[in-house]
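S.K.: What follows is a protein structure lacking sequence information:
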């Protein structure tokens, strides 16, 4: 990292650890682009652990300050101003001891006091900009992205300096200084509504919307309604949705939580409400925005949080009604955990039982090799679950059948499968590395891509083959007949939902996963936590599992590979058989509906029947599948499909129309005008240059943008201006 001489600077530049230890969020970046999704600092109150900070400190990246409430710091960036305007602004706002040189002016740092992001634009140029919540700025000693020169502090450096607060009339001060006249404060300028609606107005508009609309429209309505009323509106949205034919009580809460778009607002709700006959009020004169007291707002937030807590502690039916052997293992793990996580515990237990039983039993040709992914945030209790599952393998004398932590390549996984005679249960923590591969085509040659590819082959093929060395002349091809591989993986939610947005990943690998999601709120700590639970497994659980097991002889194939010569075919009652056939017809009908819409969920729906048979097989303990087992399997399948539908629908909005809205919002934040280069480099939502050009051309044809020339210091540049 480049060193520089600073004015009144410490003898050593602060590290990332120094900043974070003083509650100032600073992240690594290259050329102004952060190395990770820093927005989760706001969304999840995320903080780096010691290992992460150590890696950052040992690197050579620049420093990006997260402004606003995360750090308690805001920045006023003065650009395109004269020296006189700069000095006058500093005088009127208060001369802060912490300043820095900007590319076109000066950066001023103040203490955060709830300020909002705002800019001051004049004649198409941004004169000043206030960076607060949700924004990032590059600070010293980073190198400037264009000039390559290091940023320098003026006066005192940020760390260790007491910052002043802005005067309460800071906006009017700069408005007056730059002769900027703003329109009357209105929440919504376009359309048939002129004032910010009340909560009851939003509920009334929702009541005019059709709850039997298409899934995509339902998602847009939910996003628009939640953007206006926040989490406090869940009960009203739930009541409205419950009148629709496709209402699913089991997944409604998780889908509501996924409504987090920043570009779909109240206007979308009005659009759909007007289709149902809603007529927004048109006041004859501008009315003041209805305000809410701090006490009322705090009360509403507490009520919403209490509702989240209640929802997170309410266990779904598939957990409370689980078959005895599944419930017994789950309750042992949950009862000994520091932070009990029943839902993802059941997911891991099903992956274990799917492997343990699937090596012996099958139903209608379906083996129980369940591919499972458990979504939970860092530090939310997955380590204890992994430890207990590994303890079960040890207690059942199957420790060699576990894989995952040592997998360095697809050839290593192939070798382990060969060593285990075609059978392995992979337990993989931090699966987000694999999920990122699925949503990033550029990583197709990475080790994670190879491992995911082999997992997919093991799931779909009766024979898999490969070489465990690059030189085919020195090593023979490895062939494994009838591979049996289960997957128990853990991942943070964001990479999983991002990967769902990739059609290739969705259609191939993700559609075969069963998904379990832990609540966002960390559960209360369990006083009965037993850190050595994996060493002291209850005897009745061991005996129960041994009773399930059925010993089978192995058969060696001529080529040296292995397979079991026979599986036990699990019978089913006539009632359960008829019920499964009826459900299969319903699934086929639903899939045809998705096929008509070219919806990628068709590929998931196509595998629901297979998923139900796997769950029914595990629930039966290898004896006989009954109606109760089928109904329980259906509740699990509905839960998984609910998560998939929510994720796919949410990310479907990142397509062409959604990206046009993002471009408009991006240019608005920069004063309504931007150069072509700045749009290409700053708005990183385009998958290709062609897509960017098509979006811009469409906005020009629609009369939203016009091509213009922007005068620079050396030459004019092509740009775009909002109309």
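M.R.: Perfect, I can see it now. Quick caveat: nothing in here was measured; it's all calculated off a predicted structure. Numbers count the residues shown, from 1 in each chain.
S.K.: okay, CA-based contacts and neighbour counts for the rest of this
M.R.: Will do.
S.K.: since we're on residue 637, how many residues are nearby?
M.R.: 22 (other C-alpha atoms under 10 Å).
S.K.: For the remainder of this discussion, apply numbering that starts at 25.
M.R.: Understood, numbering begins at 25; the last thing we discussed is residue 661.
S.K.: Helix, strand or coil: sort out it for me.
M.R.: The three-state assignment at residue 661 reads helix, by DSSP: H, G, I helix; E, B strand; the rest coil.
S.K.: Hmm, residue 631 and it touching each other?
M.R.: No: in this structure, residue 661 is not within contact of residue 631 by C-alpha atoms under 8 Å, at 9.8 Å.
S.K.: what ranges of the stretch 525-674 of the chain fall below the confidence cut-off?
M.R.: Residue ranges of the stretch 525-674 of the chain with pLDDT under 70: 525-531, 574-590, 619-624, 670-674.
S.K.: Strands of that one, residue ranges please.
M.R.: 537-541, 578-580, 586-588, 592-593 (DSSP state E, counting those that start in this stretch).
S.K.: now the first one, how far from the centre of its chain.
M.R.: If I follow you right, that is strand 537-541. Centroid separation between strand 537-541 and its chain, computed with C-alpha atoms, centre = their mean, to the nearest Å, is 14 Å.
S.K.: And that strand, what does it pack against?
M.R.: helix 366-382, strand 395-399, helix 651-676 (3 or more C-alpha pairs under 8 Å, 6 or more residues apart in numbering; DSSP states H and E).
S.K.: Among these, show me which one is buried the most.
M.R.: strand 395-399 (a mean of 27; mean count of other C-alpha atoms under 10 Å).
S.K.: I'd like the next helix or strand past that strand.
M.R.: Using DSSP states H and E, the helix or strand that follows strand 395-399 in sequence is helix 406-419.
S.K.: Residues touching that following helix, excluding its own?
M.R.: 357, 361-362, 365, 368-369, 372-373, 376, 400, 423, 425-426, 451, 514, 555, 557-559, 561, 566 (C-alpha atoms under 8 Å, 6 or more residues apart in numbering).
S.K.: Partner strands of the helix or strand that it is followed by, with direction?
M.R.: For helix 406-419, the following helix or strand on the C-terminal side (DSSP H and E) is strand 426-427. For strand 426-427, the paired strands and their directions (DSSP bridges) are strand 447-452 (parallel).
S.K.: Just after the partner strand, pick out the following helix or strand.
M.R.: By DSSP H and E, the next helix or strand past strand 447-452 is helix 456-462.
S.K.: how distant is that next one from the center of its chain?
M.R.: Taking mean C-alpha positions (C-alpha atoms, centre = their mean), helix 456-462 and its chain are 12 Å apart.
S.K.: What helices and strands are in contact with the helix or strand that it is followed by?
M.R.: Following helix 456-462 in sequence order, the next helix or strand is helix 471-484 (DSSP H and E). In this structure, helix 471-484 makes packing contacts with helix 434-443, helix 456-462, strand 508-515, judged by 3+ C-alpha pairs under 8 Å, 6+ apart.
S.K.: Let me see the backbone angles for the closest residue to residue 168 other than its chain neighbours.
M.R.: Distance criterion C-alpha to C-alpha, 6 or more residues apart in numbering; nearest residue to residue 168, sequence neighbours excluded, is residue 174 at 5.8 Å. Main-chain torsions, residue 174, degrees, to the nearest 10: phi -70, psi 140.
S.K.: what bridges to residue 174?
M.R.: Beta-bridge partners of residue 174, as defined by DSSP bridges: residue 167.
S.K.: Quick check, pLDDT for it.
M.R.: With respect to pLDDT, residue 174 has a value of 80.
S.K.: follow-up on the earlier one: between the helices and strands packed on strand 537-541, which gets nearest to residue 103?
M.R.: Smallest distance to residue 103 across these (C-alpha to C-alpha): 36.0 Å, for helix 651-676.
S.K.: Please compute how far that closest one lies from its chain's middle.
M.R.: A distance of 18 Å separates the centroid of the chain from that of helix 651-676, by C-alpha atoms, centre = their mean.
S.K.: domains of this protein?
M.R.: 40-201, 223-336, 347-591, 680-746 (automatic domain parsing).
S.K.: between those, which one is nearest to residue 611?
M.R.: Nearest of those to residue 611, taken as C-alpha to C-alpha: domain 223-336 at 13.6 Å.
S.K.: Check the offset of the closest one from the chain's centre.
M.R.: The mean C-alpha position of domain 223-336 is separated from the chain mean by 21 Å, C-alpha atoms, centre = their mean.
S.K.: now do stretch 180-187
M.R.: Relative to the centre of its chain, stretch 180-187 is centred 35 Å away, using C-alpha atoms, centre = their mean.
S.K.: For that stretch, which residues meet the burial criterion?
M.R.: The neighbour-count check on stretch 180-187 (16 or more other C-alpha atoms under 10 Å) flags 180-183, 187 as buried.
S.K.: got the phi/psi numbers for residue 153?
M.R.: Torsion angles, degrees, to the nearest 10, at residue 153: phi -150, psi 130.
S.K.: Equivalent analysis for the one 4 residues further on, please.
M.R.: Backbone geometry at residue 157, expressed as degrees, to the nearest 10, gives phi -60, psi 140.
S.K.: beta partners of the closest residue to it other than its chain neighbours?
M.R.: In this structure, residue 157 finds its nearest non-sequential neighbour in residue 92, 4.1 Å apart by C-alpha to C-alpha, 6+ apart. Bridge pairing for residue 92 (DSSP bridges) gives the partners residue 97.
S.K.: surely residue 92 meets residue 154?
M.R.: No: counting by C-alpha under 8 Å, residue 92 stays clear of residue 154, with 10.0 Å between them.
S.K.: intersection of neighbour lists for these two?
M.R.: With C-alpha under 8 Å, 6+ apart as the test, residue 92 and residue 154 both reach residue 98.
S.K.: When the two are compared, which one has more neighbours?
M.R.: residue 92 (26 against 23).
S.K.: quick one: the more buried one from residue 49, how far?
M.R.: Distance, residue 92 to residue 49, using C-alpha to C-alpha, to the nearest Å: 10 Å.
S.K.: Equivalent analysis for residue 477, please.
M.R.: Note on residue 477: its distance to residue 49, by C-alpha to C-alpha, is 38 Å.
S.K.: who's more crowded, these two?
M.R.: More neighbours surround residue 49 than the other of residue 477 and residue 49, with 26 against 16 (other C-alpha under 10 Å).
S.K.: Let me know whether that one touches residue 43 as I believe.
M.R.: Yes: Residue 49 is within contact range of residue 43, at 6.6 Å (criterion: C-alpha under 8 Å).
S.K.: How much space separates the residue nearest the centre of the chain from residue 545?
M.R.: Closest to where the C-alpha atoms of the chain average out (C-alpha atoms, centre = their mean) is residue 518, at 2.0 Å. In this structure, residue 518 and residue 545 are 15 Å apart, going by C-alpha to C-alpha.
S.K.: same deal with residue 451?
M.R.: 25 Å.
S.K.: I figured residue 93 hits residue 138, correct?
M.R.: Yes: contact status for residue 93 versus residue 138: in contact at 7.5 Å, counting by C-alpha under 8 Å.
S.K.: Looking at those two, which is more packed in?
M.R.: residue 93 (19 against 12).
S.K.: Tell me who's in contact with that one.
M.R.: With C-alpha under 8 Å, 6+ apart, residue 93 has these contacts: 136, 138, 156-157.
S.K.: For the stretch 325-474 of the chain, give me the ranges with low pLDDT.
M.R.: Residue ranges of the stretch 325-474 of the chain with pLDDT under 70: 325, 328-329, 429-432, 463-470.
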